[in-house]
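Trainee: Quick one, structure for this:
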Amino acid sequence: MQAILIATGENHKLLPLTGTMPTPMVPVVDRPAMVYAIELLARAGIRDIFVSLYDQADAIKSYFGNGERWNVNLYYLLQPNACGSAGAIKCAEHLFTESFLVLPADALVDLDIEAALAFHQAHGALATAILSQSAATKETVTHLAVIDTDGRVQPALQSTTAGVEYLHTGAFIFEPAVLDGQTKLFMVISWMATGIL
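Mentor: Numbering: from 1, shown residues only. As a prediction, the model looks like this:
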């Protein structure tokens, strides 16, 4: 399995703090948030990690270097323009040769990567959204997804069917075929398998 961390810093969360540092560098218990994602991947045996960068990229590169401190190899992909998470993945499509995990570099996500990959493969999915069961709040409603009775993922605000609500973690597993230009993204989402870990 391959992995890419989205560390583009295009969404200026946690302002004014992130006016001077990218969100993956925001300290959590005296360590940058991105350290936790790297350690999660290293524990799962993923040693080669792509890191998509855009805003304030030098701060991330300077701190993390080549990744040897965590026994991983970091490969930086500098985006010339702001292109969002999907654009960052599309720009790296030539690098993906097998199933790949996408993680936000500025979120604390703890999951069993091996179990998530097994679930993804067992369902023959092109894409798997990794969701968390969580109580909805006014602050999280835009990050909710509904799993309908057919097992499909729908944004909570667009859902017209009954289902169970889950919180997006920002983590996904994709097959390279998702990026081949022949697969329409809206169709991938409508047939997405979901894992709850």
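Trainee: ok, which stretches of this protein are strands?
Mentor: 2-7, 27-28, 31-32, 48-53, 73-78, 100-104, 127-132, 144-148, 153-155, 163-174, 193-196 (DSSP state E).
Trainee: Out of those, flag the one nearest Lys61.
Mentor: Closest of the strands of the chain to Lys61 is strand 73-78, at 5.9 Å (criterion: CB to CB). No exception for glycine: its C-beta is placed from N, CA and C like everyone else's.
Trainee: Starting from that closest one, tell me which strands it pairs with and how they run.
Mentor: Strand 73-78 sits in its sheet next to strand 48-53 (parallel), going by DSSP bridges.
Trainee: With distance to Glu39, mean pLDDT and mean neighbour count added, can I get the strands of the chain in JSON lines?
Mentor: Converted to JSON lines, the strands of the chain look like this (distance: least, CB to CB, whole Å; pLDDT from 0 to 100; neighbours: other CB atoms under 10 Å):
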{"stretch": "strand 2-7", "distance to Glu39": "12", "mean pLDDT": "91", "mean neighbour count": "24"}
{"stretch": "strand 27-28", "distance to Glu39": "12", "mean pLDDT": "86", "mean neighbour count": "12"}
{"stretch": "strand 31-32", "distance to Glu39": "9", "mean pLDDT": "92", "mean neighbour count": "17"}
{"stretch": "strand 48-53", "distance to Glu39": "11", "mean pLDDT": "92", "mean neighbour count": "22"}
{"stretch": "strand 73-78", "distance to Glu39": "13", "mean pLDDT": "92", "mean neighbour count": "16"}
{"stretch": "strand 100-104", "distance to Glu39": "12", "mean pLDDT": "92", "mean neighbour count": "24"}
{"stretch": "strand 127-132", "distance to Glu39": "17", "mean pLDDT": "80", "mean neighbour count": "21"}
{"stretch": "strand 144-148", "distance to Glu39": "26", "mean pLDDT": "60", "mean neighbour count": "20"}
{"stretch": "strand 153-155", "distance to Glu39": "28", "mean pLDDT": "58", "mean neighbour count": "18"}
{"stretch": "strand 163-174", "distance to Glu39": "15", "mean pLDDT": "75", "mean neighbour count": "20"}
{"stretch": "strand 193-196", "distance to Glu39": "21", "mean pLDDT": "36", "mean neighbour count": "19"}
